[in-house]
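>>> I'd like to go over a predicted model; first the sequence, then the structure.
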Amino acid sequence: MDVDPIRTERLALLAFTPEVLDALLAHDRDRATELLGASVPGDWPDRHDERFLRLRLGQLRAHGDLQEWSVRGVVLADEGALVGHIGFHGPPGVNALRRADGVEVGYSIFPDYRRRGIATEAVRGLVQWARDERDIHAFVASVSPQNDASLGVIGKLGFEHVGEHWDEEDGLEHEFLLELP
């Protein structure tokens with residue numbers, strides 16, 4: 001399934017197709033760079049992200065129609081560099097709040113590119129795409145109470161704290177909701 005890039009002022013959010021994920025997981029950076037059209041850092045993916053990418057690859061292989069709701073690379077357009085990843089946890093209904101009309105956003109920016117507003121811009125672009133292109137108006141984010149950077153991002157974007165849950169892998173997470181008209 002072809003998925004168009006989401007473009008913002010400085011970024012391109014590019015779909016991690018099964019082919020891209022295969023190349024990343026094989027640590028074939030040349031192939032991943034060719035498929036993605038952006039340079040991939042030499043030390044990525046790390047072990048934590050490998051588990052995450054394997055999960056998304058399995059989901060896409062089982063349900064190819066989920067590509068637009070899956071993980072995307074965050075590419076700094078003027079540098080042509082992959083600087084992180086972003087996506088939804090799944091299609092509408094797959095979120096910590098179990099809202100049938102909502103999607104949950106997740107993201108990570110590589111350390112060398114943090115504190116430049118990239119995460120805020122990427123989340124804003126993803127949310128705007130879902131609202132404008134798929135008529136989604138409820139957005140969820142689950143964030144560790146110790147993750148000050150992500151708490152700052154979702155705070156800037158207007159997410160409101162609505163609860164918390166225990167995640168087996170990540171521990172306590174606060175739940176946030178953004179509802180748009």
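Yep, it's here. Residues are numbered from 1 along each chain as shown.
>>> quick one: the helices in this protein?
With DSSP state H, the ranges of helices along the chain come out as 18-25, 29-36, 47-62, 118-134, 148-156.
>>> Any idea which of these gets closest to D78?
D78 sits nearest to helix 118-134 of all these, at 12.2 Å, using CB to CB. Any C-beta I mention is one placed from the backbone N, CA and C, and that applies to glycine too.
>>> If you count neighbours, what's buried in the closest one?
For helix 118-134, a neighbour-count test (16 or more other CB atoms under 10 Å) marks 118-127, 129-130 as buried.
>>> next one: stretch 47-55
49, 52-53.
>>> next one: stretch 105-117
105-110, 113.
>>> Now tell me what touches that stretch from outside.
Residues outside stretch 105-117 that contact it (CB atoms under 8 Å, 6 or more residues apart in numbering) are 41, 44, 49, 74, 76, 82-89, 118-119, 122-123, 126-127, 139-142, 149-150, 153.
>>> R29 reaches G42, doesn't it?
Yes. R29 is within contact range of G42, at 6.6 Å (criterion: CB atoms under 8 Å).
>>> Go ahead and confirm R10 touches A122.
No. When contacts are counted by CB under 8 Å, R10 is not listed as touching A122 (9.4 Å).
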